[in-house]
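S.K.: Need coordinates for the following:
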Amino acid sequence: MLGAAVALALAVTASGGAAVAAGPPTGSGQVTRAALAECPPGPVWANTGGADPRLVQYSPDGDVLSSAPLARDYGDIAFSPDGSTLYGVNFPGADMTTLYTIDTVSGAETASVPVTGPLDDLRVSQGNSAVNGLTARADGMLIAGSFVSAQIFLIDPATGVSSLYPASFPAGFVSAGDFLTLDDGDVLAFATAAGSAVGDPSAVFRIHPDNTVTQIGTVPQVFGGALSGGSVYGFGSNGDIYRLTDVPTEASTAPLPVTVVEATGNGFYGATAVQDAGECPEPSYTVEKSASSAGPVNAGDTLTYTVTVVNTSTLTVNGDFTDDLAGVLDDGQVVPGSVTASTGTATLTGTSLNWTGVLAPEGTATVTYQVRADDPVTGDRVLRNTVTPTSEGGTCVAEGRCAVEVPVADDCDKPHKPHGNHKPHENQKSHGAHNPYTAFKPLKPLSGDLFAEKPLTVPGVPGLPGRNR
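M.R.: Numbers count the residues shown, from 1 in each chain. As a prediction, the model looks like this:
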């Protein structure tokens, strides 16, 4: 389960002296850090490795929020300070150290840049760069650590050029993964002692603003860390997610108290959260609803409803909404099989349509469904429904754009339809086209002596006087 990360750890630590210690360079180059306000809790992310590497998003309580396949093993992953970009660095980096950008929804690689400079020089001198720690700091630079060096590095994600970080682990320690900017301005770092065996504890250090380094304790062996809501999370080599219940400032090598948030059984290679850089970007998304007709519609007519969800933040957003259909279902029914979602999952439960999905920055989801008005209508003759966002940061796009009311026409307002079957009888000839109207013409006066008086002669009765008829 430990996969390539542990195999490399054993190879590096078995000699007891493979770690290359390097002191900080002259001139700090350090970013000035001020104490940061505590951020609200947010999701934490981890990458697994081995036969089925995946990107997994967890809630602060350890529930899986999303999971996507990854293209390769990454030594670690890291969000940019604003949360808009997810980076990953290849592991172990024997051929070329490369920084990738990763789509948080699909897990696909969207760009890459080769890493040059002293970090990639490890690949030449040690056989691989073995980057297993990667975290952004507030200025956008990435802090990186390696399994084969005590030195800590910086990477410019735009160019891939690496440089020496103004601090390093004490001699005999190498990176175990991740560097978290705490709200007091210190950077929390995890390290592994040379000669450690699988399952041995990881050392926890504070890197102070003056670039001095203090060990404050140990935790169960971790391969990644994340910061959420002021709490430090460790992702254990055994698949457990830990929450540190205390992050002291005093020097110590004693075990730190931890709580097991979730025993996942996953082979973690790295972890990250959008708050790792000490920044607090907040999620936001909008919902909007429309109908295919403003009405009135007739009994038996079908309407198509569309709900659009847009991620308006720089973060990957876990969006949700509930569409209350109680005011629709008294006058109509959802057409079976008509509910569709361009991404995420939409389900009809009782009188509610619920959607949940993960949206990358600027991502959009479209949910559609159809409603057929009853015939006859037995309700209040108004199809009314309202969509409501139900996750943090969700709002209606504008007032009045999340509620729809469509009237249903009264029966007397409907066009007349003849009753019964008015097909012609089989022997009935078609009337064909009507002849055009012709103006009335008076009859001509009759001429001649048609009505002249004539004697009436009856055969066999001689001399019978005649009469006009």
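
S.K.: Show residues contacting the helix or strand hosting residue 56.
M.R.: Secondary structure assignment for residue 56, by DSSP states H and E: strand 54-58. Here strand 54-58 makes contact (CB atoms under 8 Å, 6 or more residues apart in numbering) with 43-48, 64-70, 77, 86, 102, 104, 107, 241, 262, 266, 316, 318, 358. The C-beta positions use only the backbone N, C-alpha and C, and glycine is treated the same way.

S.K.: Walk me through which strands it pairs with, and which way each runs.
M.R.: Here strand 54-58 is paired, per DSSP bridges, with strand 44-48 (antiparallel), strand 64-69 (antiparallel).

S.K.: Among those strands, which comes closest to residue 296?
M.R.: Closest of these to residue 296 is strand 64-69, at 42.5 Å (criterion: CB to CB).

S.K.: in the closest one, what counts as buried?
M.R.: Buried residues in strand 64-69, counted by 16 or more other CB atoms under 10 Å: 66, 68.

S.K.: Skip ahead from that strand and say which helix or strand is next.
M.R.: strand 74-79.

S.K.: I'd like the strands paired with strand 54-58 laid out as TSV, including distance to residue 184.
M.R.: As requested, the strands paired with strand 54-58 are exported to TSV (distance: least, CB to CB, whole Å):
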stretch	distance to residue 184
strand 44-48	20
strand 64-69	29
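
S.K.: which stretch among these comes nearest residue 206?
M.R.: Using CB to CB, the strands paired with strand 54-58 put strand 44-48 closest to residue 206, at 20.7 Å.

S.K.: Let me see the mean pLDDT of that closest one.
M.R.: Computed over strand 44-48, the mean pLDDT rounds to 98.

S.K.: Put the alpha carbons of it into PDB.
M.R.: Taking only C-alpha atoms (Å, rounded to 0.1, in the frame of the first residue of the first chain), the coordinates of strand 44-48 have been written out as PDB:
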ATOM      1  CA  VAL A  44      -8.700  18.800   2.100                       C
ATOM      2  CA  TRP A  45      -7.300  17.000  -0.900                       C
ATOM      3  CA  ALA A  46      -5.000  14.000  -1.300                       C
ATOM      4  CA  ASN A  47      -3.400  12.100  -4.100                       C
ATOM      5  CA  THR A  48      -2.900   8.400  -3.900                       C
END
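
S.K.: hmm, back to that, so for residue 193, which of the strands paired with strand 54-58 sits nearest?
M.R.: strand 44-48 (23.4 Å).

S.K.: What are the buried residues along the closest one?
M.R.: For strand 44-48, burial by neighbour count (16+ other CB under 10 Å) applies to 44, 45, 46, 47, 48.

S.K.: Give me the residues contacting it.
M.R.: 53-58, 60, 70, 74, 76-77, 79, 86, 88, 104, 224, 226, 228, 233, 235, 241, 266-273.

S.K.: Equivalent analysis for stretch 343-362, please.
M.R.: Stretch 343-362 has contacts (CB under 8 Å, 6+ apart) with 57, 65-66, 83-84, 103-105, 285, 307, 309-311, 313-326, 329, 334, 339-341, 363, 365, 367, 369.

S.K.: Go through it and flag the buried ones.
M.R.: Those would be 343, 344, 346, 353, 354, 355, 356, 357, 358, 359, 360, 361, for stretch 343-362 by 16+ other CB under 10 Å.

S.K.: Look at it and report the distance between its end residues.
M.R.: Counting by CA to CA, to the nearest Å, you get 14 Å between the two ends of stretch 343-362.

S.K.: per-residue confidence averaged over that stretch?
M.R.: Per-residue pLDDT values across stretch 343-362 average out to 97.
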